[in-house]
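Q: sharing a sequence plus its predicted fold:
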Amino acid sequence: MTAVLTIDEIVGIDFGTTYSGVAFAYSGDPNTISLIRHWPGSNQQTSVKNASLMIFEEDGTISAWGAQAEKKTLKSNQTIARWFKLLLDDTHSNYLGTASRHASKPPRKTAAEVVTDYLTLIHDHLISHLKSTYGCMLFNCTPIEYYITVPAIWSDKAQAVTKSVAVNAGFKGKLEIVREPEAAAIACAHIEHVDLKEGNRFLVCDAGGGTVDLISYQVTNALPLQIKEITVGTGGLCGATYLEHEFEKLLRKRLSKFGDKFLNERGLSSLFREFNDYLKVNFGEDDDEDEFNITLCGCDIDEDEEAGISVGCLIFSRAEMVSVFDPVINKVIDLIENQIAKSNRTIEIIFLVGGFGSNGYLRSRIQGMYPDISVQQPSDAWSAVVRGAVIHGLCEKIVTTRKVRQSYGVSCNCHWDPESHDKDQHYVCKVTGDEKASGCMSWYVTQGDEVQHAESIKLPFIHNARSKKRTSYEYDLLCSVAETPPKRSSHRMMFL
Ligand SMILES: Nc1ncnc2c1ncn2[C@@H]1O[C@H](COP(=O)(O)OP(=O)(O)OP(=O)(O)O)[C@@H](O)[C@H]1O
Ligand SMILES: [Mg+2]
């Protein structure tokens, strides 16, 4: 008998709120992970991620996407779709509900349709990239496995929707969902110079455009690397886009004396572009320069000390830049503090990844807060999530133990206990004559419980049946995001 060695193409897709990336590796050569760096409209410029943007015409066709759409000025009959990823999670009780207000899409399209459109563009670009990299013959005979990442706090329903949307977009075959901070953690733990030893505890902070996701791990085995979650993942809405809001406040303070001369839609978008492309990304450590300039489009004012205008440029002091960054960074630090407290202050390393996670000033503030912790910014922090997704696909079971993010259980009737049950739950069972309580919850796992990879959880369950003919019964699996799940079943719980 001959053994057949299958060599697969492992593809990671980081579908981000503001930017998306794709990485791939051949399972026969797992040490070489490639990233798509050329995107339509980026000309000679390379980028490991492409903007999650699309411009729609009135008839629903897409005239530009990604880097192409970033450069375009929107015409009155066009609609821009942005931040549409967050519309896939309609769990309004969590913070994504607020975030969705930033999202825009053509009104006649559903969120799932818009995401399908975007993922179809990503899929088609990937396929043509793979064909040109490997040649059509090799491409045609290589099975592809896809690993698509989602935020840590994504509900089970949102994960299922993401999966079905990805299938509709063409990602067929093996398709698995990976949590973004878990993928980032896997990538960080695989950095060569990071010598993680058994017992080391580290926190991953994935600071992106919209959201900041955090989770902490302990190394349970150094070689092969195995890690376990030591906290439940948390997150907040304090990504780099919120710096833009603070910057706008500063602009209004400086320039409102000129009416809408500079603060009109066009003027503001050009100021934001300058801020995003230069000021924001280069704002770093304390010893940097003290003045930060941006060009003021259509400026015919030579000098205006009060507005801080000099030779057609708007000048900002370091203190002003700090006032833009600090309100957002303080929220990131609160999230980090919460994780460190949950780990019983045992964290030794903080890895900062994601676009905002690459920022120098963010790193220096966090290091200043935690002098005893090593705060590390991997050189390719922006692509950590997508590379981690590929590593996850190449070597399974790196994360051996996870903390359950929500409680799962079934509604049932229990033996009556006057101490713990309410009077309105009381009844006498017609089959056994026992006193019982209705509408109780039997939780299989509760938030924060540790579960092993691929572990199945079973609980005994007795159904007193009146009819001998019916042999099977179905029960709804319910879940609760409350820190302490309720004892009684209620409409506020979610069905799975
Ligand atoms: N050096 C930097 N300093 C500050 N912000 C940066 C820097 N580099 C990139 N960014 C910003 O990071 C954001 C993109 O980061 P990333 O791609 O990690 O986010 P995302 O994956 O789209 O968002 P999310 O993870 O919230 O879904 C953009 O807003 C970009 O302007
Ligand atoms: Mg991201």
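A: Now that the structure is in, tell me what you want to look at. Residues are numbered from 1 along each chain as shown. Ligands and ions are numbered 1, 2, ... in the order given.

Q: state the distance from R470 to ligand 2.
A: Using Cβ to the ion, to the nearest Å, R470 is found at 49 Å from ligand 2. Any C-beta I mention is one placed from the backbone N, CA and C, and that applies to glycine too.

Q: quick one: is the one helix or strand L243 maps to near ligand 1?
A: Element membership of L243 [criterion: DSSP states H and E] is helix 241-255. Yes. Looking at helix 241-255 against ligand 1 by Cβ under 6 Å from any ligand atom, the contacts come from T241.

Q: give the next helix or strand downstream of that helix.
A: helix 260-263.

Q: where does L96 land on pLDDT?
A: As predicted, L96 sits at a pLDDT of 54.

Q: typed the wrong thing, it's C205
A: 96.

Q: and it, how many neighbours?
A: 27 (other Cβ atoms under 10 Å).

Q: can you pull out the helices in this structure?
A: 67-71, 96-99, 111-134, 136-140, 156-168, 180-189, 241-255, 260-263, 265-274, 281-282, 318-342, 360-369, 384-394 (DSSP state H).

Q: residues touching L243, list them.
A: By Cβ atoms under 8 Å, 6 or more residues apart in numbering, the contact set of L243 is 275, 280, 324-325, 328, 356.

Q: recalculate using a threshold of 7 Å.
A: Taking Cβ atoms under 7 Å, 6 or more residues apart in numbering, we find L243 in contact with 280, 324-325, 328.

Q: quick one on the thing from earlier: closest one to E9 among the helices of the chain?
A: helix 111-134 (6.8 Å; Cβ to Cβ).

Q: and the contacts of the closest one?
A: Under Cβ under 7 Å, 6+ apart, the answer for helix 111-134 is 9, 11, 13, 15, 20, 22, 24, 36, 40, 52, 54, 62, 65, 81, 84-85, 87-88, 105, 139, 161, 165-166, 168-171.

Q: that older thread, intersect the contacts of L243 with the contacts of ligand 1.
A: K280.

Q: got the angle for the helix holding L243 vs helix 318-342?
A: Put simply, helix 241-255 runs at 150 degrees to helix 318-342, going by axes from the mean of the first three to the mean of the last three Cα atoms, to 10 degrees.

Q: kindly report the residues of the stretch 1-150 of the chain close to ligand 1.
A: Counting by Cβ under 6 Å from any ligand atom, the residues of the stretch 1-150 of the chain near ligand 1 are 16-19, 49.

Q: among those residues, which one sits closest to ligand 2?
A: Distance to ligand 2, by Cβ to the ion, is smallest for G16 among those, at 4.0 Å.

Q: what about that closest one, neighbour count?
A: Quick note: G16 (other Cβ under 10 Å) scores 27 neighbours.

Q: cool, the one 4 residues further on as well?
A: By other Cβ under 10 Å, the residues close to S20 number 24.

Q: looking at V390 now. What's its pLDDT?
A: 96.

Q: whoops, K397 was the one
A: 82.

Q: sorry, back to before: min pLDDT across the contacts of L243, which one?
A: The model is least sure about K280 among those, giving it 93.

Q: ok, back up a step: which one (most neighbours) among the contacts of L243?
A: V324 (26 neighbours).

Q: tell me the spatial nearest neighbour of it, not counting adjacent residues.
A: Excluding the flanking residues, the one nearest V324 by Cβ to Cβ, 6 or more residues apart in numbering is E246, at 4.4 Å.

Q: these two touch, right, the one you found and V328?
A: Yes. Counting by Cβ atoms under 7 Å, E246 touches V328, with 6.5 Å between them.

Q: can you name the residues in contact with stretch 318-332?
A: 207, 212, 236, 238, 242-243, 246-247, 250, 283, 290, 292, 361-362, 365.

Q: what's the domain layout of the protein?
A: 9-172, 199-237+329-384+397-402, 241-325, 404-495 (automatic domain parsing).

Q: pick the most deeply packed of these.
A: domain 199-237+329-384+397-402 (a mean of 20; mean count of other Cβ atoms under 10 Å).

Q: now stretch 383-397: buried residues?
A: 383-394 (16 or more other Cβ atoms under 10 Å).

Q: and those residues as a markdown table, adding distance to ligand 2?
A: Formatted as a markdown table, the buried residues of stretch 383-397 follow (distance: Cβ to the ion, whole Å):
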| residue | distance to ligand 2 |
| --- | --- |
| S383 | 10 |
| A384 | 9 |
| V385 | 5 |
| V386 | 9 |
| R387 | 12 |
| G388 | 11 |
| A389 | 11 |
| V390 | 15 |
| I391 | 16 |
| H392 | 15 |
| G393 | 18 |
| L394 | 21 |
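
Q: need those in CSV (columns: distance to G448).
A: Output for the buried residues of stretch 383-397, formatted as CSV (distance: Cβ to Cβ, whole Å):
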residue, distance to G448
S383, 31
A384, 26
V385, 24
V386, 29
R387, 29
G388, 24
A389, 25
V390, 30
I391, 27
H392, 23
G393, 28
L394, 30
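
Q: first to last residue in stretch 171-189, what's the distance?
A: End-to-end distance for stretch 171-189, by Cα to Cα, to the nearest Å: 28 Å.

Q: for it, what does the pLDDT average out to?
A: For stretch 171-189, mean pLDDT rounds to 93.

Q: run through who's touching that stretch.
A: If you take Cβ under 7 Å, 6+ apart as the criterion, stretch 171-189 is touched by 123, 143-152, 159, 162-163, 166-167, 194, 196, 204, 206, 213-215, 217, 225, 227, 233, 351, 353, 378, 384-385, 387-389, 391-392, 398-399.

Q: among the contacts of L243, pick out the one closest to G259, please.
A: Using Cβ to Cβ, the contacts of L243 come closest to G259 at V324, 23.0 Å.

Q: I315 contacts L296, doesn't it?
A: No. Using Cβ under 7 Å, I315 makes no contact with L296, being 10.0 Å away.

Q: what sits closest to I62 if chain neighbours are left out?
A: Nearest non-adjacent residue to I62, counting by Cβ to Cβ, 6+ apart: M54, 5.2 Å away.
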